[in-house]
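Asks: quick one, structure for this:
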Amino acid sequence: MTLTDVEKQRLLAEHFLLRHLSEKDLSALAKRAEIKAFGADETIFRRGDAAAHMMVVVNGRVQISSPSHEGDKIIFATMNPGDVFGEIALIDGHERSTDAIANEATEVLALQRDDFIKTLENNPKLTIDLLRVLCMRIRQTNELLEDFGSSTFGMELKNC
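Replies: Purely as a prediction, here's the structure:
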């Protein structure tokens with residue numbers, strides 16, 4: 001699928017992280033954003049990879065997961081059209097913290113880290129929105145850990 005710059009801009013403008021951008025900033029990001037295609041079960045990135053992009057799902061689905069210590073994988077989310085992923089490592093510049101695998105034929109709109117950081121530096125409202133999203137994800141992770149901790153604690157009590 002080929003998207004025009006206007007279609008890219010429209011897709012970016014729909015996302016709550018980017019809703020505070022000016023038309024000029026959105027247009028500039030859209031012009032630099034690239035469409036990348038992945039086949040079913042194809043790796044988009046792996047935990048530990050260098051982070052160079054934040055992505056918006058154009059079509060298809062992407063599973064965000066991480067390998068567990070037991071060798072299984074922990075599935076954190078399934079991203080659908082319009083969803084953004086990859087923003088954590090994109091912001092802090094560290095390696096990817098999860099795997100992203102296309103569940104089916106998938107296309108994403110990829111924003112380069114340097115372009116996005118320049119936009120954040122010039123848009124405090126966007127930066128605050130992004131902090132809110134990151135805090136929400138930390139809270140969700142804490143809830144998962146609490147649930148896991150109480151079930152493990154319960155098993156330990158039964159074994160006493």
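Asks: confirm residue 88 sits in a helix?
Replies: Yes: per DSSP: H, G, I helix; E, B strand; the rest coil, residue 88 lies within a helix segment.
Asks: you'd agree it is up against residue 134?
Replies: Yes: with contact defined as Cβ atoms under 8 Å, residue 88 reaches residue 134; the gap is 6.8 Å. From N, CA and C alone the C-beta is placed, and that goes for glycine too.
Asks: what about these two, which has more around it?
Replies: More crowded of residue 88 and residue 134, by other Cβ atoms under 10 Å: residue 88, with 17 against 14.
Asks: pLDDT below threshold where in the chain?
Replies: 16-17, 149-160 (pLDDT under 70).
Asks: what residues of stretch 64-76 count as buried?
Replies: Of the residues in stretch 64-76, 64-65, 76 count as buried by neighbour count, 16 or more other Cβ atoms under 10 Å.
Asks: closest to residue 38 among those residues?
Replies: residue 64 (13.7 Å; Cβ to Cβ).
Asks: and the closest one, which of the three is it?
Replies: Per three-state DSSP, residue 64 ends up strand.
Asks: now do the strands in this structure.
Replies: Here the chain has its strands, by DSSP state E, at 34-38, 43-45, 53-59, 62-67, 73-79, 84-85, 99-102, 106-112.
Asks: out of those strands, flag the one nearest residue 1.
Replies: Nearest of the strands of the chain (Cβ to Cβ): strand 106-112, 5.6 Å.
Asks: by contact count, what packs against the closest one?
Replies: helix 5-14, helix 23-32, strand 34-38, strand 53-59 (3 or more Cβ pairs under 8 Å, 6 or more residues apart in numbering; DSSP states H and E).
Asks: give me that answer again for 10 Å
Replies: helix 5-14, helix 23-32, strand 34-38, strand 43-45, strand 53-59, strand 84-85, helix 87-92, strand 99-102 (3 or more Cβ pairs under 10 Å, 6 or more residues apart in numbering; DSSP states H and E).
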